[in-house]
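A.B. asks: would you be able to build a 3D model of this:
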Amino acid sequence: MTPKQKIKALDGLMSSEGWALVVETMQQEILGAALNMANTAQMSEDEMHFRRGSIWAAKQLVDLPGNMRQRLESETSLNERLNESDDDA
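C.D. replies: Next comes the predicted model:
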């Protein structure tokens with residue numbers, strides 16, 4: 001799969017109703033986990049780190065397609081510029 005094909009596939013994913021449902025659900029879970037942390041009076045340091053890690057991982061999942069798309073766009077742009085400079089040489 002070429003980088004441009006991957007970008008197109010990611011665009012399809014991000015515009016789908018299924019992905020919108022996943023994002024909505026994950027955002028609710030992130031908010032719920034953060035509120036749960038705030039409302040828990042006694043929590044060990046390990047438990048706090050575990051919950052923070054869970055929130056971070058959920059956020060990374062929600063942001064993954066956009067981050068992948070940006071990386072692929074940069075890669076595509078760089079490859080095009082390298083090909084242009086090779087043609088000039």
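
A.B. asks: now do the helix or strand of the chain with the lowest mean pLDDT: distance to the chain's middle.
C.D. replies: Least confident element among the helices and strands of the chain, by mean pLDDT, DSSP states H and E: helix 45-88 (a mean of 91). A distance of 7 Å separates the centroid of the chain from that of helix 45-88, by C-alpha atoms, centre = their mean, to the nearest Å.

A.B. asks: which neighbouring elements make contact with that helix?
C.D. replies: helix 3-14, helix 17-39 (3 or more C-beta pairs under 8 Å, 6 or more residues apart in numbering; DSSP states H and E). The C-beta positions use only the backbone N, C-alpha and C, and glycine is treated the same way.

A.B. asks: please save the CA atoms from stretch 67-77 in CSV.
C.D. replies: Only the C-alpha atoms of stretch 67-77 are listed here, as CSV (Å, rounded to 0.1, in the frame of the first residue of the first chain):
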residue,chain,number,x,y,z
ASN,A,67,-1.3,11.2,13.9
MET,A,68,-0.7,8.4,11.4
ARG,A,69,-2.2,10.7,8.6
GLN,A,70,0.2,13.5,9.6
ARG,A,71,3.2,11.2,9.5
LEU,A,72,2.2,9.8,6.1
GLU,A,73,1.7,13.3,4.7
SER,A,74,5.1,14.3,5.9
GLU,A,75,6.6,11.2,4.5
THR,A,76,4.9,11.7,1.1
SER,A,77,6.0,15.4,1.0
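
A.B. asks: of all the helices and strands packed on helix 45-88, which lies closest to Met68?
C.D. replies: helix 3-14 (5.8 Å; C-beta to C-beta).

A.B. asks: list the buried residues of that closest one.
C.D. replies: Within helix 3-14, the residues that count as buried by 16 or more other C-beta atoms under 10 Å are Lys6, Ile7, Leu10.

A.B. asks: quick one: neighbours of the residue nearest to the second one when sequence neighbours are not counted, just the number.
C.D. replies: With C-beta to C-beta, 6 or more residues apart in numbering as the measure, Leu72 is the residue that lies nearest to Ile7, at 5.1 Å, once sequence neighbours are left out. Here the number of neighbours of Leu72 (other C-beta atoms under 10 Å) works out to 18.

A.B. asks: that concludes my questions; thank you for your assistance.
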